[in-house]
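Student: Generate a structure from the sequence data that follows.
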Amino acid sequence: MQISLPSDRPLRILVTRTDRIGDLVLSTPVFSALREKFRKAWIACLTFCENREIVEGNPCLDEIILYDKKGSEKDFWGNFIFARRLAGKHFDVVIHLHTTNRMHWSGWLAGIPVRIGYARKCAWALTDAIPDRKKEGTRHEAQYNFDLLKPLGITEPEHFAMYFPLKEKARESLQELLRHHGVSMQAPWVVLNPSASCPSKIWSPERFGHLADKIAGKYKIAFIAIGARKDRALVERMRKAAKVPICDFSGKLSLGMLGVLLSSAALVISNDSGPVHIANAVGVPVISIFGRKQPGLSPTRWGPLGKDSRFVWKDVGCVTCLAHQCRLNFLCLDAISVEDVFTEVERFESRLHGAVMVS
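Tutor: Numbers count the residues shown, from 1 in each chain. A predicted model of the protein is given here:
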């Protein structure tokens with residue numbers, strides 16, 4: 001049933017997404033859908049401080065509200081003060097794209113009249129609790145997001161156009177980093193991401209290294225590794241396994257710089273992780289490597305959405321996927337060979353032979 005909304009003034013709409021970077025990037029089609037439906041509305045996004053660069057500069061947003069879960073909003077009192085500040089912004093509608101007790105409480109404590117979210121975790125704090133079927137994994141995460149917009153009269157689009165800002169300052173910082181590491185800005189490069197948020201998502205970094213060797217045996221191309229500072233051990237294992245040089249940018253890139261780097265890549269090869277969706281948002285194809293069979297964690301829900309992007313996944317017969325508690329030593333990941341991924345790489349031959357330049 002569609003919600004009755006004020007018609008005598010522009011709406012004030014808040015969208016919350018307080019989880020990982022890839023999830024937030026996959027949520028950007030929601031912002032454009034809201035802007036198209038409510039052209040005069042004031043639309044705000046509430047997200048973690050560390051996700052700021054993903055949404056700053058988005059033309060569909062009027063305001064970015066940062067939530068400091070690790071700092072001033074860490075405890076109950078900080079969350080209460082935050083909610084009272086939120087009340088002063090007089091939002092008409094809040095849409096919680098990610099279910100958390102904190103966000104549901106905040107919308108309720110702020111007195112926002114229409115509070116839409118999934119019927120989990122303090123669903124009593126919502127005015128419109130939508131059944132959460134994400135664990136079924138029959139649709140993509142970007143599609144599930146639009147279930148929450150149905151009460152506002154917004155339907156799912158045919159194409160999910162994601163957005164990631166590419167800023168000149170980030171471009172200049174990346175150029176300086178490339179120069180410092182002696183990476184040519186004229187030669188094409190492949191970005192390798194051997195990291196992920198869970199062991200059940202991490203393909204062998206040694207196989208990443210062997211894959212780089214196999215690619216270099218056919219294409220004249222440079223390799224750049226990405227990851228957070230905590231991922232440097234994985235990157236180092238990959239580099240030691242490879243015979244070709246792989247430039248290590250792990251822990252050296254801001255999110256803005258990462259976006260510019262990916263936008264200039266010939267190809268991105270990554271585990272199931274946030275950079276997959278950033279690359280797609282900036283128009284670069286991805287080969288994403290998946291392990292888990294659990295429906296809610298599968299490529300059907302989390303695979304790359306970008307044009308021509310691919311994923312590699314093998315069903316090894318598990319009846320129940322235990323994800324990070326796997327008792328089979330992640331057999332699903334082990335079943336993916338270097339040759340399996342290289343077969344997908346060869347689909348992008350025209351890109352690997354072309355030159356890409358950061359200008």
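Student: Which helix or which strand is home to L192?
Tutor: Following DSSP states H and E, one finds L192 within strand 189-193.
Student: got the CA coordinates for that strand in PDB?
Tutor: Output of strand 189-193 as PDB, limited to C-alpha atoms (Å, rounded to 0.1, in the frame of the first residue of the first chain):
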ATOM      1  CA  TRP A 189      47.200  -2.000 -16.200                       C
ATOM      2  CA  VAL A 190      45.200  -4.700 -14.500                       C
ATOM      3  CA  VAL A 191      44.100  -4.100 -10.900                       C
ATOM      4  CA  LEU A 192      44.300  -7.200  -8.600                       C
ATOM      5  CA  ASN A 193      42.400  -7.400  -5.400                       C
END
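Student: Determine how far that strand lies from the middle of the whole chain.
Tutor: Its chain's average C-alpha position is 17 Å from that of strand 189-193, according to Cα atoms, centre = their mean, to the nearest Å.
Student: Show me what it pairs with in its sheet, parallel or antiparallel.
Tutor: In the sheet, strand 189-193 lines up against strand 222-225 (parallel), strand 267-271 (parallel) (DSSP bridges).
Student: contacting residues around the following helix or strand past the first one?
Tutor: So the one you mean is strand 222-225. Downstream of strand 222-225, the first helix or strand assigned by DSSP H and E is helix 232-241. The contact list for helix 232-241 (Cβ atoms under 8 Å, 6 or more residues apart in numbering) reads 192, 194-195, 202, 205-210, 212, 225, 227, 246, 248, 250-251. Heads up, the C-betas are built off the backbone N, CA and C, glycines and all.
Student: quick one: the strands in the stretch 251-359 of the chain?
Tutor: Assigned by DSSP state E, counting those that start in this stretch, the strands in the stretch 251-359 of the chain fall at 267-271, 286-289, 310-312.
Student: hmm, I was thinking of the stretch 1-150 of the chain
Tutor: Ranges of strands within the stretch 1-150 of the chain are 12-16, 42-48, 63-67, 93-96, 114-118, 128-130, based on DSSP E, counting those that start in this stretch.
Student: Parallel or antiparallel, which strands does the fourth one pair with?
Tutor: Just to be clear, that refers to strand 93-96. Looking at strand 93-96 with DSSP bridges, its partner strands are strand 12-16 (parallel), strand 114-118 (parallel).
Student: Which among those is found nearest to R171?
Tutor: Proximity to R171 (Cβ to Cβ) singles out strand 12-16 among the strands paired with strand 93-96, at 27.6 Å.
Student: now the angle from the closest one to strand 42-48?
Tutor: Going by axes from the mean of the first three to the mean of the last three Cα atoms, to 10 degrees, strand 12-16 is angled at 20 degrees with respect to strand 42-48.
Student: ok so, going back, need the winner for burial among the strands paired with strand 189-193.
Tutor: Comparing the strands paired with strand 189-193 by mean neighbour count (mean count of other Cβ atoms under 10 Å), strand 267-271 comes out on top with a mean of 27.
Student: So, low pLDDT: which residues of the stretch 1-150 of the chain?
Tutor: Residue ranges of the stretch 1-150 of the chain with pLDDT under 70: 1-2.
Student: Which residue ranges of the stretch 151-300 of the chain form helices?
Tutor: Counting by DSSP state H, counting those that start in this stretch, the stretch 151-300 of the chain has helices at residues 168-180, 205-216, 232-241, 255-263, 274-281, 299-302.
Student: Tabulate these in CSV, adding columns for mean neighbour count and mean pLDDT.
Tutor: Converted to CSV, these look like this (neighbours: other Cβ atoms under 10 Å; pLDDT from 0 to 100):
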stretch, mean neighbour count, mean pLDDT
helix 168-180, 15, 94
helix 205-216, 22, 97
helix 232-241, 19, 97
helix 255-263, 24, 96
helix 274-281, 28, 97
helix 299-302, 20, 93
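Student: All good on my end, thank you.
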